[in-house]
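Engineer: make a model of this:
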Amino acid sequence: MATIQWFPGHMAKTRRLISESLKLVDVVIELLDARIPFSSKNPEIDTLIKNKPKIIVFNKSDLADEKLSSEWSEFYNSQGHSVVLINSVKGTGIDQLKLKLRELMQDKIERGKSKGIIYRPVRTMIVGIPNVGKSSLINKIAGKSKAETGDKPGVTRQKQWIRMDQGIEMLDTPGILWPKFDDKKIGYNLAITGAIKDDILDIIEVASVLMEYLKNEYPNLLKERYKLDSLENLDRGYEILEAAAKKRGCLIRGGEVDFNRIAAIVLDEFRGGKIGRITLEKPLYNTNFESNWP
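Structural biologist: Numbering: from 1, shown residues only. You can find the predicted model right below:
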C-alpha cells in the first residue's frame, strides 16, 4: 500500500481550533474506536493537549472483543489514563463517563464553592478522528440531536458549544487525522472500520486483509457467518473472500465472482457487528506509542 496523503484543509483548521480552545476547557475526552484502540488514536492529540486532564473513551465497545477491550483498558490505565467503555448510540457507559468527568474536576469545583461559586459546570472538549462517534455521544448526553451527524467520515464541520443539564458543557470539534500514515496496518484498520472513505483504498484489498485476519484470530466466527466448512486450504484473504462470495451467490455472468459486491458485503457486515464482536489489534503489539507512529 502506497503512502496516503490525506489532510483536508478543514482538518488543519481543527488542529488550530483545538489549540486555541484548550484554555477554555477543564478536561479533554479523547474518543477512540474500541475495535482499533491504537489505530484510531491521533498522535497529534497528546502533543496538542499537553498536561490537560484527559479521559480516554472507547466508543463502539458493543462491537469489540470484550476480552481485548479489557486488556486495552488495562494498558491505558498503566499509562496513567482513565478509561471508559461506551456505546454512544445506546447510551451504555454514559453515566460512568459523567462520573469520571466530575471526579477529575472535584477539587476545582470545591475551590470554586469556597469562593462563592455555587454552580461550576465541567467544561470538556471531545477530540478524535473522523467517524468515531463524537456527535452521537454529544446527542446521547444532551438527550436530543444537538450536533450534526452523518454516515460519512468528517461530517461535523464547525465548532459547537453545548450546554448540558447535567452540569457539563461540551465543545464539539471536527475529527482530525494525521497528514499521512506509512504503516499499512493502521491504514487498513482505518479503512476496515470506515474511518476513511471507501474510495481511498481498494475495497477488495481491504476486505481481503480483513478476511485473513479473521481466519487467524476469529476462525469460528468467519466460518459461521459465511458458511465455510473449512479454512484449511484458504491461505490468502483473497481466496477466503472468493469462497464467501460463492456461498453468498455473489456471481456475475459466466459464474465469475463479483469481488466488488462481496467486498462491500463483508465490510458492511463487519461494521454492523454481524460477523461478531471483533477487535483488530492487541495492546501487546504496540507498547511504545511514540516509537510506532509514522
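
Engineer: who does the helix of greatest length in the chain touch, helix- and strand-wise?
Structural biologist: What stands out as the longest helix in the chain, according to DSSP state H, is helix 94-114. Counting contacts by 3 or more CB pairs under 8 Å, 6 or more residues apart in numbering; DSSP states H and E, helix 94-114 packs against strand 27-33, strand 54-59, strand 82-85, strand 122-127, helix 134-142. In this view, the C-beta of every residue, glycine as well, is placed from N, C-alpha and C.

Engineer: got the angle for it vs strand 122-127?
Structural biologist: Relative orientation of helix 94-114 versus strand 122-127 (axes from the mean of the first three to the mean of the last three CA atoms, to 10 degrees): 140 degrees.

Engineer: pull out the buried positions in helix 94-114.
Structural biologist: By neighbour count with 16 or more other CB atoms under 10 Å, helix 94-114 contains the buried residues 94, 97, 98, 100, 101, 104, 105, 109.

Engineer: chain center to it: distance?
Structural biologist: Helix 94-114 sits 26 Å away from the centroid of its parent chain (CA atoms, centre = their mean, to the nearest Å).

Engineer: outline the domain layout of this structure.
Structural biologist: Here the domain parsing of the chain from automatic domain parsing is 4-180, 202-271.

Engineer: residue ranges with poor pLDDT in the chain?
Structural biologist: Low-confidence segments of the chain (pLDDT under 70): 1-11, 119, 143-160, 164-166, 172-182, 284-294.

Engineer: what ranges does it have for its strands?
Structural biologist: For the chain, the strands defined by DSSP state E cover 4-5, 27-33, 54-59, 82-85, 122-127, 160-163, 168-172, 180-181.

Engineer: which residues sit against the third one?
Structural biologist: Under the criterion CB atoms under 8 Å, 6 or more residues apart in numbering, residues 27-34, 37, 64, 69, 72-73, 76, 81-88, 93, 97, 100-101, 104, 132-133, 136-137 lie in contact with strand 54-59.
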